[in-house]
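> sequence below, structure please.
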Amino acid sequence: MSTEFEYYYNNVPEKGKCRNNLIYTSLMSNDQKTFVQWYHNDSEYHKGRNEVVDSSLMDEKFNREVQYLSLMGEHYPDLVPTYEIDNTTRKIYLEVDGPDLWELAGCNGTDYSAVVPDWKEQMLNIIQAHKTLGLYKYSMHPSSYFVINGKLKSINYFFTYHEDEPRIQVGDVLSHISLDRRKALLPLMDKLNIDINESKSFKDYHMLCFNSFSNNFSEDFIEMAKNVYV
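A predicted model of the protein is given here:
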């Protein structure tokens with residue numbers, strides 16, 4: 001494993017270099033073979049727009065990532081990257097093969113077939129695995145997937161809940177939701193009469209989540225993804 005790492009950004013059209021994640025600090029090895037989720041509040045990386053500044057919340061996000069990434073690694077090892085966890089530094093080292101799916105697609109559009117021809121089938125397979133394990137994963141942005149030997153690998157389990165956990169409120173997890181995402185999510189919640197401080201089922205929130213990603217995925221894919229949880 002390489003020991004030389006740099007901050008990892010997504011190159012978004014008309015915005016330039018943007019942080020890859022709202023919660024942790026993203027690192028990539030110089031040979032682009034190792035991606036690191038560093039659960040550390042790094043002001044330089046987040047450019048003063050740090051979402052999680054409370055250390056206990058950062059610990060909770062790291063523990064959730066470890067718990068559900070490990071669960072996937074145990075039951076569906078072909079659907080997540082090979083990984084190593086350093087509990088002392090709160091770093092998760094993931095074996096990858098270059099930038100994430102969104103970056104490979106130019107950080108634009110809703111179709112990823114130029115990168116992975118059967119991306120819909122593969123992503124639906126990952127979503128089905130989550131459903132089988134009783135998981136509701138709300139971090140489904142295309143940057144939450146890497147492509148290794150033509151296969152999608154899923155990451156970002158810090159915003160994942162098991163069906164047996166207590167219900168949550170959207171107001172409790174706004175730090176996990178980007179400002180751009182909120183622009184689509186909050187009006188949708190108003191339309192559906194869902195209060196930000198109202199506790200709904202994880203399934204209800206998952207349907208809401210799928211709809212909020214309509215700018216990142218094609219309409220037919222969103223409908224197929226929702227049908228997995230019907």
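> hmm, which helix or strand of this structure has the shakiest average pLDDT?
helix 179-191 (a mean of 77; mean pLDDT, DSSP states H and E).
> what's near enough to touch the residue most central in space within the chain?
Residue closest to the mean C-alpha point of the chain, counted by C-alpha atoms, centre = their mean, is Ser139 at 3.3 Å. Listed by C-beta atoms under 8 Å, 6 or more residues apart in numbering, the contact partners of Ser139 are 156-160, 176. All C-beta spots, glycine's among them, are computed from the backbone N, C-alpha and C.
> how about Leu104?
Taking C-beta under 8 Å, 6+ apart, one finds 98, 115, 147 in contact with Leu104.
> so the second one: helix, strand or coil?
Each residue gets one of three states, and Val115 gets coil by DSSP: H, G, I helix; E, B strand; the rest coil.
> how far away is it from Thr34?
20 Å (C-beta to C-beta, to the nearest Å).
> helix/strand/coil for the residue with the largest distance to the centre of the chain?
What lies farthest from the middle of the chain is Asn193; by C-alpha atoms, centre = their mean that is 26.1 Å. When classified by three-state DSSP, Asn193 comes out as coil.
> circling back to that earlier point, more neighbours: which of Val115 and Thr34?
Neighbour comparison, Val115 and Thr34: the larger count goes to Thr34, with 21 against 18 (by other C-beta atoms under 10 Å).
> check that one and give its pLDDT.
Here the pLDDT value assigned to Thr34 is 98.
> next one: the one 5 residues further on
The per-residue pLDDT reported for Tyr39 equals 95.
> enumerate every residue touching it.
Here Tyr39 is in contact with 23-25, 58-59, 61-62, 65, 90-92 (C-beta under 8 Å, 6+ apart).
> if we go to 6 Å?
24, 58, 62, 90 (C-beta atoms under 6 Å, 6 or more residues apart in numbering).
> for the second one, phi and psi?
Yep, that's Met58 we're talking about. phi -60, psi -40 (degrees, to the nearest 10).
> before we move on, back to that, mind listing what's buried along the least confident helix or strand of the chain?
For helix 179-191, burial by neighbour count (16 or more other C-beta atoms under 10 Å) applies to 181, 184-186, 189.
> can you check stretch 127-135 too?
For stretch 127-135, using 16+ other C-beta under 10 Å, the buried residues are 127, 129-131, 133, 135.
> contacts for it?
76, 79, 137, 160, 162-163, 225, 228-229.
> please name the nearest non-neighbouring residue to Gln152.
Check again: residue 152 is Leu, not Gln. Gln122 (4.4 Å; C-beta to C-beta, 6 or more residues apart in numbering).
> gap between that neighbour and Leu101?
Distance from Gln122 to Leu101, by C-beta to C-beta: 10 Å.
> cool, Phe213 as well?
Taking C-beta to C-beta, one finds Phe213 at 13 Å from Leu101.
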